[in-house]
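S.K.: Next one to model:
(chains A and B)
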Amino acid sequence: MTCEDMLKALNEVIDDQSALALCTEFADHLAGCNPCQLVVDNIRKTIQLYKAGEPYPMPEAFQDRFRAALKARWKQKFPDATV
Amino acid sequence: MAVSPSTQSESLAENDLALIRHAKSGDFGAFEALVGRLQNRVYGVAYRILGQVQDSEDVVQQTFLSVIEHIGSFRGESSVATWVLRIATNFAIKVLRKKRGLPMTSLDSAEESFADVPHPLYIAEWREPPESQMERAELRELLDRALAELDDKYRIVFVLRDIEGLSTEETADTLGLTISNVKVRLLRARMQLREKLTLELGDDATRVEPDHRHESPTPVH
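M.R.: Prediction:
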């Protein structure tokens, strides 16, 4: 298995553990390779950290200007609407 | 009763669909409710791509003005959130290219290969969960810095795929890339972020070296 094939398989396995069943060669390698197991684990934890990260709240000072712009555009699009 | 993540996200998507249906017929309250549900997410995507508050605010405003403009054309082929995030991403890329002094076309779409993905250098177990290793603000700063240091084209794919949960196909379609290119760029982003975070969060005592030969060893940069 070339390194290119291994990296391709690694990417798939990070997203879907069941992909291991489709690539027995990589699965066999992973079972016996601690560094690769750690890399997979590190990447999964990296993704989890970013997914679980706190949201970036929109600045309060922007909200009034933003809402006003939306209302103005809405009135143009729907002249009869109550805004 | 606990709700599974997939059930929860299906429920949110259905609510967004109901809101946009009402909004299409001129219900501003429904539109405002939709904005309220999505604005922070749009801002987050813009901020992660651009790293700058004012530019991100501009992207949010342009995004929802565009949603108003094209609300009649939303057909439900994707979720409302995905549709809106795609609009936001395109505005953010325009801002990015303007700042970089690049032509106003889609991101560099040159095909990349898995063979060129740098191999990991520092491999170690992470110490205790990062949340217990450092203050929240410190961890946030670490994550932001690592993401900002990625090349634009890798960062954007990571933000859309791994943070926002767009599919590979949706990401490819949004960015004008092949599916293969999305996968390669995603792996590059993942590997670089892994390297940076492991250097900070890894336990040196558990450091290991790859014990198999590589045909074309290339250092991570």
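S.K.: Any idea how far stretch A:31-50 is from the middle of the chain?
M.R.: 16 Å (Cα atoms, centre = their mean, to the nearest Å).
S.K.: buried stuff in it?
M.R.: Neighbour counts over stretch A:31-50 (16 or more other Cβ atoms under 10 Å in any protein chain shown) mark A:33, A:35-40, A:42-47, A:49-50 as buried. In short, each C-beta sits where N, CA and C put it, glycine included.
S.K.: swap in stretch A:15-22?
M.R.: Buried-residue list, stretch A:15-22, by 16+ other Cβ under 10 Å: A:A19, A:L20.
S.K.: Not counting its own residues, what contacts that stretch?
M.R.: Stretch A:15-22 is contacted by residues A:A9, A:E12, A:V13, A:F26, A:A27, A:L30 when judged by Cβ atoms under 8 Å, 6 or more residues apart in numbering or on different chains.
S.K.: Pretty sure the last one sits against A:Q37.
M.R.: Yes. With contacts counted by Cβ atoms under 8 Å, A:L30 reaches A:Q37, the gap being 6.2 Å.
S.K.: Of all residues in chain B, which one is nearest the centre?
M.R.: B:V159 (1.1 Å; Cα atoms, centre = their mean).
S.K.: so who does it touch?
M.R.: B:V159 neighbours (Cβ under 8 Å, 6+ apart): B:V45, B:R48, B:I49, B:L147.
S.K.: What segments of chain A are helices?
M.R.: In chain A, the helices defined using DSSP state H lie at A:3-15, A:24-32, A:34-51, A:60-77.
S.K.: CSV for these, including mean pLDDT?
M.R.: Output for those, formatted as CSV (pLDDT from 0 to 100):
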stretch, mean pLDDT
helix A:3-15, 84
helix A:24-32, 85
helix A:34-51, 93
helix A:60-77, 96
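S.K.: on that earlier part again, and which of the contacts of stretch A:15-22 is nearest to B:T89?
M.R.: The closest of those to B:T89 turns out to be A:E12 (Cβ to Cβ; 24.0 Å).
S.K.: hang on, isn't B:Q61 packed against A:A69?
M.R.: Yes. Counting by Cβ under 8 Å, B:Q61 touches A:A69, with 5.7 Å between them.
S.K.: after the worst-scoring helix or strand of chain B on mean pLDDT, next one along is what?
M.R.: Across the helices and strands of chain B, mean confidence by mean pLDDT, DSSP states H and E is lowest for helix B:130-133: a mean of 83. Next helix or strand after helix B:130-133 toward the C-terminus (DSSP states H and E): helix B:136-148.
S.K.: Show me what the helix or strand following that following helix is packed up against.
M.R.: Scanning forward in sequence from helix B:136-148 by DSSP H and E, the next helix or strand is helix B:152-158. Judged by 3 or more Cβ pairs under 8 Å, 6 or more residues apart in numbering or on different chains; DSSP states H and E, the packing partners of helix B:152-158 are helix B:28-50, helix B:80-100, helix B:136-148, helix B:168-175, helix B:179-201.
S.K.: Format the ones you listed as CSV; extra columns: distance to B:S66, mean pLDDT and mean neighbour count.
M.R.: Formatted as CSV, the helices and strands packed on helix B:152-158 follow (distance: least, Cβ to Cβ, whole Å; pLDDT from 0 to 100; neighbours: other Cβ atoms under 10 Å in any protein chain shown):
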stretch, distance to B:S66, mean pLDDT, mean neighbour count
helix B:28-50, 11, 96, 21
helix B:80-100, 5, 95, 20
helix B:136-148, 25, 94, 15
helix B:168-175, 14, 95, 20
helix B:179-201, 24, 96, 22
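S.K.: Output those as TSV; include the columns distance to B:I68.
M.R.: Below are the helices and strands packed on helix B:152-158 laid out as TSV (distance: least, Cβ to Cβ, whole Å):
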stretch	distance to B:I68
helix B:28-50	7
helix B:80-100	11
helix B:136-148	30
helix B:168-175	20
helix B:179-201	30
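S.K.: of the buried residues of stretch A:31-50, closest to B:E209?
M.R.: Taking these together and measuring to B:E209 by Cβ to Cβ, the closest member is A:P35, at 6.9 Å.
S.K.: Distance of the closest one relative to B:E135?
M.R.: For A:P35, the distance to B:E135 (Cβ to Cβ, to the nearest Å) stands at 31 Å.
S.K.: Can I get stretch A:54-62 as CSV, trimmed to CA atoms?
M.R.: Output of stretch A:54-62 as CSV, limited to C-alpha atoms (Å, rounded to 0.1, in the frame of the first residue of the first chain):
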residue,chain,number,x,y,z
GLU,A,54,-17.8,28.4,21.4
PRO,A,55,-19.8,30.4,18.8
TYR,A,56,-18.6,33.8,17.8
PRO,A,57,-21.5,36.1,18.8
MET,A,58,-22.2,39.0,16.5
PRO,A,59,-21.2,42.3,18.0
GLU,A,60,-24.2,44.1,19.6
ALA,A,61,-23.2,47.4,18.1
PHE,A,62,-23.8,46.0,14.6
